[in-house]
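1. could you work out the structure for the sequence below:
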Amino acid sequence: MYSVYQFHQVNYGGPLRCSDNIFQEPLHFHASVLQIMMVDRYWIAFFAVFVYLVRVFEASVGDADPLYRACVEQCEKTGCVGERCFPHCKFPSDGAVVDGPWYLQEPLYLRWKQWDCQSDCRYYCMLDREKEREALGNGPVKYHGKWPFKRVYGIQEPASVALSALNLAMQFHGWLSFFILLNYKLPLKPNKKAYYEYTCLWHIYGLLSMNSWFWSAVFHSRDVDLTEKLDYSSAVALLGFSLILAILRSFNVRVEAARVMVSAPLLAFVTTHILYLNFYKFDYGWNMKVCVVMGVAQLLIWAIWAGVTRHPSRWKLWTVVVGGGLAMLLEIYDFPPYEGFVDAHALWHATTIPLTYIWWSFIKDDAEFQTANLLKKVK
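-> Down below sits the predicted model:
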């Protein structure tokens, strides 16, 4: 974007000086200034329209459909979508009773099991609109930021729930085998502690991983405000600690004071970010940037370390780094769910299952390798 100051610099060879006779051609100058001001205004108008369009397109195409909106509004008034009627539409989504005393309010366990009136109205209106779109030869569109998934026994995204549960099982298996290796297979110090100096860090990593996948399964089974915040917060906590662990292990930081100096700023940032999401503003865009930066940073750290180390199991590290990088493409290349069940995010969950097994295998190999080196020094 051109400014008047830049006009002076470009047309007169530098900034405005007293010796520059810029008024030799006043009409030409004023015309140029007016042209620049018009260009500035056009750019401002362009960016204003651009920002507006971005905000419009951030809203999903499906929930902006007038037919879909009319269907939802009618359903919330009558409690029916076509021939399907929902008795619990006496209870709106905010939990207040439309008619009847307080003791007729829907219990919490029924809200979790059955879905509320608004959710059912949106779901069945979405299904009807998708059938109409399919009959016209149109592809699926998103509704309220999500693809049109088909429920199974009340579960919102059954494929992602099942794969999250498998990831949870793989994390538990990896952490348990790591625990057994250190405490029952490898030599211990006289004080019954492991020689491996990163034991505690990997235990915390395992617990955070299992916690993250647990809330992932819960969130994909029922997307409400609470489960969404727990899922996102758990993922951010895991990514932040994984970055700390990548720095400490790749740089072989053993001194406790140095570990605190490295960890404290990152822990403070992650904690602040989680508090920001939960209590100030749940900003999806900002959270995505934070997660991508932390994820890419730790992948780069592990990749560089795998390239310079002589670790006997570095090929496993390379496999996880390359596989993890390729798996991230599934998060970028989004596509609608096949048959209403499996989308790109579910496939990403699937790719992390074998990577988790290889990753814990590397961690166990690292424990054996480090323990053997320390025992050689002790002897």
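2. low pLDDT regions in the stretch 101-250 of the chain?
-> For the stretch 101-250 of the chain, the stretches with pLDDT under 70 are 101-115.
3. do a quick rundown of the helices in it.
-> Here the stretch 101-250 of the chain has its helices, by DSSP state H, counting those that start in this stretch, at 108-114, 117-135, 158-180, 199-221, 225-250.
4. the fourth one: which residues count as buried?
-> If you call a residue buried by 16 or more other Cβ atoms under 10 Å, then helix 199-221 has these buried ones: 199, 201-202, 205-206, 208-221. For every residue, glycine as well, the C-beta is placed using N, CA and C.
5. about what we covered before: and the helices of the stretch 101-250 of the chain: which comes nearest V292?
-> helix 225-250 (9.5 Å; Cβ to Cβ).
6. gap between the closest one and the chain center?
-> The chain centre lies 10 Å from the centre of helix 225-250; the measure is Cα atoms, centre = their mean, to the nearest Å.
7. and G154, how many neighbours does it have?
-> The number of residues packed near G154 is 12, by other Cβ atoms under 10 Å.
8. pick out the residue closest to the middle of this structure.
-> Residue closest to the mean C-alpha point of the chain, counted by Cα atoms, centre = their mean, is M288 at 5.5 Å.
9. ok, it - contacts?
-> Taking Cβ atoms under 8 Å, 6 or more residues apart in numbering, we find M288 in contact with no residue.
10. SS state for it?
-> Judged by DSSP: H, G, I helix; E, B strand; the rest coil, the three-state class of M288 is helix.
11. do you know the pLDDT at it?
-> pLDDT for M288: 90.
12. and A48, by the same measure?
-> 42.
13. and E83, how close does it get to D128?
-> E83 is 11 Å from D128, where distance means Cβ to Cβ, to the nearest Å.
14. which of those two has more neighbours?
-> Using other Cβ under 10 Å as the criterion, E83 and D128 rank with D128 on top: 16 against 5.
15. helix 225-250 and the strand or helix carrying S361, what's the angle between them?
-> Assigned by DSSP states H and E, S361 belongs to helix 344-378. Interaxial angle, helix 344-378 versus helix 225-250 (axes from the mean of the first three to the mean of the last three Cα atoms, to 10 degrees): 30 degrees.
16. what residues of helix 344-378 count as buried?
-> Buried residues in helix 344-378, counted by 16+ other Cβ under 10 Å: 344-352, 355-368, 370-371, 374.
17. ditto for stretch 67-75
-> For stretch 67-75, by 16+ other Cβ under 10 Å, it's Y68, C71, V72, C75.
18. Y284: neighbour count?
-> Residue neighbour count, defined by other Cβ under 10 Å, stands at 11 for Y284.
19. same question but for N287, I mixed them up
-> So N287, with other Cβ under 10 Å, has 18 neighbours.
20. now swap in C85 and tell me
-> Residues near C85, counting by other Cβ under 10 Å: 12.
21. right, and V236 touches N287 too?
-> Yes - assessed by Cβ atoms under 8 Å, V236 is found in contact with N287 at 7.1 Å.
22. shared neighbours of these two, anything?
-> H273, L277.
23. contacting residues for E157?
-> E157 touches F149, H220, S221, A346, counting by Cβ under 8 Å, 6+ apart.
24. residues contacting the second one?
-> Under the criterion of Cβ under 8 Å, 6+ apart, the neighbours of H220 are I155, Q156, E157, S160, V161, S164.
25. what is the burial count for the first one?
-> When counting by other Cβ under 10 Å, one arrives at 17 neighbours for I155.
26. picking up where we left off before, format the helices of the stretch 101-250 of the chain as JSON lines; extra columns: distance to W305.
-> Output for the helices of the stretch 101-250 of the chain, formatted as JSON lines (distance: least, Cβ to Cβ, whole Å):
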{"stretch": "helix 108-114", "distance to W305": "44"}
{"stretch": "helix 117-135", "distance to W305": "47"}
{"stretch": "helix 158-180", "distance to W305": "20"}
{"stretch": "helix 199-221", "distance to W305": "15"}
{"stretch": "helix 225-250", "distance to W305": "4"}
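27. and those: which comes nearest R310?
-> Closest of the helices of the stretch 101-250 of the chain to R310 is helix 225-250, at 13.6 Å (criterion: Cβ to Cβ).
28. mind listing what's buried in the closest one?
-> 227-250.
29. now stretch 189-201: buried residues?
-> Residues of stretch 189-201 classed as buried: A194, Y195, Y196, E197, Y198, T199, L201 (neighbour count, 16+ other Cβ under 10 Å).
30. and the last one, how far is that from Y284?
-> In other words, L201. L201 is 30 Å from Y284, by Cβ to Cβ.
31. now do the first one
-> To Y284, A194 is 41 Å away according to Cβ to Cβ.
32. got it, and the third one?
-> Between Y196 and Y284 the distance is 39 Å, computed by Cβ to Cβ.
33. for G145, same thing?
-> Using Cβ to Cβ, G145 is found at 8 Å from Y284.
34. and L277, how many neighbours does it have?
-> Look at L277: counted by other Cβ under 10 Å, it has 20 neighbours.
35. please name the residues that touch it.
-> The contact partners of L277, by Cβ under 8 Å, 6+ apart, come to K229, Y232, S233, V236, D283, N287.
36. 6 Å instead, please
-> Contact partners of L277, counting by Cβ atoms under 6 Å, 6 or more residues apart in numbering, are absent.
37. can you pull the pLDDT of it?
-> On the pLDDT scale, L277 is placed at 94.
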